[in-house]
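Asks: pasting the sequence and the predicted coordinates here, then a few questions.
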Amino acid sequence: GETFLVTAGPTREPFDPVRFITNHSSGKMGYAVAIMARRRGARVILISGPSSLPPPMDVQLVAVSSAREMRDAVMRHLDAATVVVKAAAVADYRPAVQARQKLKKKPGPMAIELERNPDIIAEIGANKNGRIIVGFAMETEDLLENARAKLETKNMDLIVANDLQEAGAGFQNETNVIRIIDREGSIESLPLMSKMEAANRILDRIKCLLMAKT
Ligand code: CTP
């Protein structure tokens, strides 16, 4: 009876018709959550930035490119969702100007001005409506402090933290090393495992929260 809204993958922020700013996200963690949530019987809407992964079976896939497109797609589908899992690596900034023609090189250095993108999970957190919201934090330093601060300021129920410096964790790997932090501040530290298994552990925690609500 639950409907999961899952976001995954990177976003692309173009500055001319041939170039964009992005990050190394593969989409694997978010797709794993979508696949496993579906296997457990939930209806799943997967909003994905550009990814080379195959569309998961029996999941409603909404393909987007930029952070603003992702935000619009999330808002369009939010009403249906009882659980939101925001695994996407959303670009915090986009080029302030998008040239209509390809930019030509000139002598000397070049600068691109960036402006802020909407913070999608903060917007959802400000208007929760009983929904369970799970965010992700990828850090390279002060993992737990940064993750706790994000959980608090963005009004999440759980945050899944991973440290890019840790062996086996991170973007392109099949594996991850995650810590799940809740609103009480307790930290569940999990060993190296596949992203599919990590998705299951995250879903176990979501299930506990759902059961506590009924
Ligand atoms: N997120 C989002 N919209 C954004 C940026 C991030 O919804 N514009 C979500 C991500 O999907 C993730 C969580 O916020 O679930 C944490 O993202 P992260 O980029 O690590 O956090 P920021 O708050 O952007 O902090 P910083 O980049 O300064 O570490």
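Replies: Cool, got the structure. The structure presented is a predicted model; accordingly, all values stated were derived computationally and were not measured.
Asks: for the rest of this, base every contact and every neighbour count on C-alpha atoms.
Replies: Fine.
Asks: quick one: the residue in the chain sticking out farthest from the centre from Phe15, how far?
Replies: The centre of the chain is farthest from one residue, Pro107, which by Cα atoms, centre = their mean lies 38.7 Å away. For Pro107, the distance to Phe15 equals 19 Å [Cα to Cα, to the nearest Å].
Asks: look up phi and psi at the residue farthest from the centre of the chain.
Replies: phi -60, psi 150 (degrees, to the nearest 10).
Asks: okay, strands next: where are they in this protein?
Replies: Secondary structure of the chain by DSSP state E: the strands cover 3-8, 13-16, 19-21, 43-48, 60-63, 83-86, 93-95, 114-116, 132-139, 158-163, 175-176, 179-182, 187-189, 193-194.
Asks: pLDDT of the fourth one, averaged?
Replies: Averaging pLDDT along strand 43-48 yields 98.
Asks: quick one, it and strand 3-8 angle?
Replies: On the basis of axes from the mean of the first three to the mean of the last three Cα atoms, to 10 degrees, strand 43-48 is oriented at 20 degrees to strand 3-8.
Asks: please compute how far strand 43-48 lies from its chain's middle.
Replies: Centre-to-centre, strand 43-48 and its host chain are 12 Å apart (Cα atoms, centre = their mean, to the nearest Å).
Asks: ok, it near the ligand or not?
Replies: No. Applying Cα under 6 Å from any ligand atom, one finds strand 43-48 separated from the ligand by no less than 11.2 Å.
Asks: what comes into contact with that strand?
Replies: Contacts to strand 43-48, defined as Cα atoms under 8 Å, 6 or more residues apart in numbering, come from residues 1-10, 27, 31, 34, 37-38, 59-65, 70, 73-74, 77, 88.
Asks: quick check: ChimeraX command selecting the buried ones in those.
Replies: Buried members of the contacts of strand 43-48 can be picked out in ChimeraX with the line below, counting by 16 or more other Cα atoms under 10 Å:
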select :3,4,5,6,7,8,9,10,27,31,34,37,38,59,61,62,63,64,65,70,73,74,88
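Asks: of the contacts of strand 43-48, list those near the ligand.
Replies: Within the set of the contacts of strand 43-48, contact with the ligand (Cα under 6 Å from any ligand atom) is found for Ala88.
Asks: ok, back up a step: how about the strands of the chain in TSV, adding distance to Thr214?
Replies: Shown next, in TSV, are these (distance: least, Cα to Cα, whole Å):
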stretch	distance to Thr214
strand 3-8	16
strand 13-16	41
strand 19-21	43
strand 43-48	19
strand 60-63	27
strand 83-86	14
strand 93-95	39
strand 114-116	39
strand 132-139	13
strand 158-163	18
strand 175-176	31
strand 179-182	19
strand 187-189	23
strand 193-194	31
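Asks: Lys213: which of the ones you listed is closest?
Replies: Minimum separation from Lys213 across these (Cα to Cα) falls at strand 132-139, 10.0 Å.
Asks: now do the closest one against strand 3-8, angle only.
Replies: Going by the same axes, to 10 degrees, strand 132-139 makes 10 degrees with strand 3-8.
Asks: what pairs with strand 132-139, parallel or antiparallel?
Replies: Partners of strand 132-139 in the sheet, by DSSP bridges, are strand 83-86 (parallel), strand 158-163 (parallel).
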